[in-house]
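Chemist: predicted model and sequence follow; I will ask about them next.
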Amino acid sequence: MSYDVYGVGNALVDMQAQVSEATLEKLGYAKGIMTLVEEETQIDVLGELHGKSVNRCAGGSAANTIIGIADLGGKAAYAGKVGRDPLGDFCLSDMREMGVAIEVPQADGHTGTCVVLITDDAQRTMLTHLGVSATLGPEDIDEAEIAKAKYVYIEGYLFTGVSTRAAAMKTIELAKKNNVKVAFTVSDPFLISLFKDDFWELIRGPVDLLFCNLEEARSLTGREHPISCANEIHQHAANVALTFGKDGSLLMHNGQAIPIEGVDVDAIDTTGAGDMYAAGLLYGINNGMSWKQAGHLASHAAARIVEQLGARLERRFTEKEIAEFMD
């Protein structure tokens, strides 16, 4: 079977819960960003959520995008490592039920988790314990599977570990060897402070499509205006998807700027919005849509995510709805 996208990233079980500002303040973590934590800390955090409603699903940034592509009707595969434990079994089962091919063997150890704390202002604070997902390595990357794909999709979070970084670079190497395009997401502004030179090396080299938000674009380029940021990146990357949250996005393709309007919704949780935007765009450009049409689908898909809890679409797109974006 051929794939629209072969994704590589951390394989985690996401656990989302709504919390008060007081609870977040008590835990003492910076609001609205992702923090890596040790397993013992994660257990303590989950203890604070006892009695609250906690939504659980397979996740991780790139995994959310790959699941989103499958949810839209696309064909997708994923390389991510989970433990030989109940959470690992759940993660694999959940992804496969969504139609994602994932064949990386389970490992000894605990499956990684991401606790997403959602406050009333729709901000999400993520506490991530990587578990065995951090042991994903180049030996887990399957060239035959990559060769079946139109794109590979790689998350920037992989650069925080030696073996996961090697897995990312192996994926890019094999993609180029097999004439498969490379999509890369910066993932988080804090990564740019650590890996700015590495990311620019990718942008100037093998990356065919870069995903980033405005804060990340400003950090990458040192520029302020969105158009200036996008133009700077587009001088090196063939395609750029620059997102502005509720204000829409800007695509750069063939030297042209393609503005995409935002969708006005009542946001209750921004978890996974960028991941779902990437899913919509990658699905669209690989299934007969123009970049503008795919951008509109991506914008609407992200909007559906922010008006619900969690990164998995509760109100799925019908074939008729998707077809309407091609009119």
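Modeler: Yep, that arrived. Residues are numbered from 1 along each chain as shown.
Chemist: ok, A230 to Y153 distance?
Modeler: 20 Å (CB to CB, to the nearest Å). C-beta here means a position set from N, CA and C on the backbone, and glycine is covered the same way.
Chemist: compare these two and say which is more crowded by neighbours.
Modeler: Y153 (29 against 25; other CB atoms under 10 Å).
Chemist: sec struct for that one, please.
Modeler: Recorded secondary structure, Y153: strand (DSSP: H, G, I helix; E, B strand; the rest coil).
Chemist: what sits against it?
Modeler: 5-8, 62, 65-66, 183-185, 278, 282 (CB atoms under 8 Å, 6 or more residues apart in numbering).
Chemist: counting neighbours, what do you get for E48?
Modeler: 16.
Chemist: same check, this time on A144
Modeler: So A144, with other CB under 10 Å, has 8 neighbours.
Chemist: output the contacting helices and strands for the lowest-mean-pLDDT helix or strand in the chain.
Modeler: Least confident helix or strand of the chain, by mean pLDDT, DSSP states H and E, is strand 34-36 with a mean of 86. Secondary-structure packing of strand 34-36 (3 or more CB pairs under 8 Å, 6 or more residues apart in numbering; DSSP states H and E): strand 124-131.
Chemist: please state the offset of the strand it packs on from the chain centre?
Modeler: Relative to its parent chain, strand 124-131 has a centroid offset of 14 Å by CA atoms, centre = their mean, to the nearest Å.
Chemist: partners of that strand, with directions?
Modeler: strand 34-36 (parallel), strand 111-118 (antiparallel) (DSSP bridges).
Chemist: buried residues in the first one, which are they?
Modeler: In terms of neighbour count (16 or more other CB atoms under 10 Å), strand 34-36 has its buried residues at M34.
Chemist: let's number from 743 now, not from 1
Modeler: Right, with 743 as the first residue, what we last looked at is strand 776-778.
Chemist: next SSE after it?
Modeler: Of the helices and strands lying after strand 776-778 in sequence (DSSP states H and E), the nearest is helix 781-790.
Chemist: what's the angle from that next one to strand 853-860?
Modeler: With axes from the mean of the first three to the mean of the last three CA atoms, to 10 degrees applied, the angle from helix 781-790 to strand 853-860 works out at 40 degrees.
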